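In: Dropping a prediction and its sequence here:
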Amino acid sequence: MVDVAEPRRGLRADPADGPRPTSRSGFFAEARQRPPEEIVEVLVDHVAREGALVAEVWLVDVQQESLQPFPARSGGSTSAPMSLEGTLAGRCYQDGTVVVSGVEDPAEDASGDCRSTESWFPLRRGAERLGVARVRSAEPLRAETLDRLDDLFDAFVHVVTSTAVVSDALVRARRTEPMGLAAEIQWSMMPPLSWEDRRVTVSAVLEPAYDVAGDSVDYNVDGRQVSLGIFDGMGHGLGSARMSSLTVNAYRNRRRAGLVLPELATALEQVLRETLLVQEGFTTAVLAELDLDDGTVRWVNAGHLDPLLFRDTRYAGPLLARERQRPLALAMTAEEVDGQEPRELEMGHAMLQPGDAVLLFTDGVTEARDAEGEQYGVERLCDRVSAHLSSGLAAQEIMRRISRSVLEHCGGRLDDDATLLLVQWHGPDSGEPEVGEPVVGGEA
């Protein structure tokens, strides 16, 4: 816990001057001159200017199971990790809204009057959820103060995430166990797990987070179109990670060269076949393109599980191509590689309606088994997704809860990578996303 009433290396203003309202630009001006490990101190000082007594930051761990103090304990924090389940902090993270609650002082008399107020703020980079911040104040904060603090925490997220390219502090704080080398390779390639604008939401999750190797996802939002890819490389460990790395980067390279489906899929396979050693491996994949103006979705399925369509929150069936096609770069003889013309991959088409969701996933999700050998299965997956869509949960939270459900089903021991990618089309002009109002009081 950081007590902002104490001076912090000269950052605090003289209390005699009274609270000085903070500003986003003022925070940026100070934070950009400080090393990564001191950015929280700048944040603490600016929160204190709003009359707060205490300010703390927690970051969500890689598996999205707990909130870890930032800076970590080794960096001077006295805060403890917290669960995402059954806590006000977890409620703030899951709902993405400010949560305000009274705090009873143990020394208070039997009347139980509150001596302070806790305000929990979600920390987000766009649609990607990074953690929460807690502010404790002697009196309930005014609405305009809550707004200023929310804006300040947004600025903090932008600054601290920008340091990730030069500092490992943020990455280390989110890890609760050592990460395997194959998983390190995979996570280094990943785009942000979530993206959202007024037309579309994209969200993904990968498990086992510390050992994932062959599964990967990629997406790109480019004007009127979203391009999506989910990949499952053959095998496990470093060999599978190498296959996945080559596939994702070849996909990006050909996409950035201006290719679209189905030519993009054909070119991707050609790159893989020319690069990989003969019979070294293959990748199953679904490549898709969503037109954000009219909801047309086009896809190529190369030996992968069919995408699932949800309409009016209910499962509406798979997106099927006329015939199942073999995986990308499936092992061939040297003569076939040299002499065969690139195949033309069949492309499927469908028209989405505003509010529709499409789920892409790998076989590690549905084939996860419990102690009796029962698979998680497509039916269970569809039932859970439909229930969460019906309850109005955000895509990011749906993916987190489905991932938790799969891990609970198999006792936390996955035999294969399990990856999910959800895309929701809101329509061509659905207006700005609603801004959540503070939640006052209540149980976690």
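Out: Received the coordinates, thanks. Residues are numbered from 1 along each chain as shown.

In: how about Met347, what does it touch?
Out: With contacts defined as CB atoms under 8 Å, 6 or more residues apart in numbering, Met347 is in contact with 261-262, 265, 298-300, 321. (C-beta placed from N, C-alpha, C; glycine too.)

In: ugh, typo on my part, it should be Phe156
Out: If you count contacts by CB under 8 Å, 6+ apart, then Phe156 has 27, 31, 39, 43, 57, 123, 133 around it.

In: again, only this time at 10 Å
Out: When contacts are counted by CB atoms under 10 Å, 6 or more residues apart in numbering, Phe156 touches 24, 27-28, 31, 39-40, 42-43, 46-47, 57, 121, 123, 130, 133.

In: Over to Leu193?
Out: Contacts of Leu193 (CB under 10 Å, 6+ apart): 64, 127-129, 202-206, 217, 396, 399-400, 421.

In: measure it to Glu177 for me?
Out: Distance, Leu193 to Glu177, using CB to CB, to the nearest Å: 19 Å.

In: cool, and Asp415?
Out: Distance from Asp415 to Glu177, by CB to CB: 19 Å.

In: As CSV, could you dump the C-alpha coordinates of stretch 240-247?
Out: Only the C-alpha atoms of stretch 240-247 are listed here, as CSV (Å, rounded to 0.1, in the frame of the first residue of the first chain):
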residue,chain,number,x,y,z
SER,A,240,5.3,-26.3,-32.7
ALA,A,241,6.1,-22.7,-31.7
ARG,A,242,8.5,-22.4,-34.6
MET,A,243,5.7,-23.6,-37.0
SER,A,244,3.2,-21.2,-35.5
SER,A,245,5.7,-18.3,-35.6
LEU,A,246,6.4,-18.9,-39.3
THR,A,247,2.7,-19.2,-40.1
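
In: so where does the nearest residue to Phe28 once chain neighbours are set aside fall, helix or strand?
Out: Excluding the flanking residues, the one nearest Phe28 by CB to CB, 6 or more residues apart in numbering is Ala155, at 6.0 Å. Element membership of Ala155, judged by DSSP states H and E, is helix 143-162.

In: Which helix or strand lies directly C-terminal to that helix?
Out: Using DSSP H and E, the helix or strand that directly follows helix 143-162 along the chain is helix 169-173.

In: tell me which residues of whichever helix or strand comes after that next one are tucked away?
Out: Using DSSP H and E, the helix or strand that follows helix 169-173 towards the C-terminus is helix 181-189. In terms of neighbour count (16 or more other CB atoms under 10 Å), helix 181-189 has its buried residues at 182-183, 185-187.

In: How much space separates Glu65 from Glu408?
Out: Distance from Glu65 to Glu408, by CB to CB: 11 Å.

In: Compare neighbour counts for these two and give me the winner.
Out: Between Glu65 and Glu408, counted using other CB atoms under 10 Å, the more crowded position is Glu65 (18 against 12).

In: quick one: that one and Tyr93 touch, right?
Out: No: judged on CB atoms under 10 Å, Glu65 makes no contact with Tyr93 at a distance of 11.1 Å.

In: show me where pLDDT drops low in the stretch 1-150 of the chain?
Out: 1-22, 72-78, 103-115 (pLDDT under 70).

In: how about the helices in it?
Out: 24-31, 39-48, 88-95, 143-162 (DSSP state H, counting those that start in this stretch).

In: How far off centre is the longest one?
Out: Okay, so that is helix 143-162. With CA atoms, centre = their mean, to the nearest Å as the basis, helix 143-162 stands 19 Å off its chain's centre.

In: when you give positions from now on, start the count at 42
Out: In the new numbering, first residue 42, that becomes helix 184-203.

In: If you count neighbours, what's buried in that helix?
Out: 186-187, 189-191, 193-198, 200-201, 203.

In: What is the burial count for Gly280?
Out: 16.

In: For it, list the residues it contacts.
Out: Contacts of Gly280 by CB under 10 Å, 6+ apart are 223, 254-255, 274, 321-322.

In: Among those, which one sits closest to Ser281?
Out: Gly255 (3.5 Å; CB to CB).
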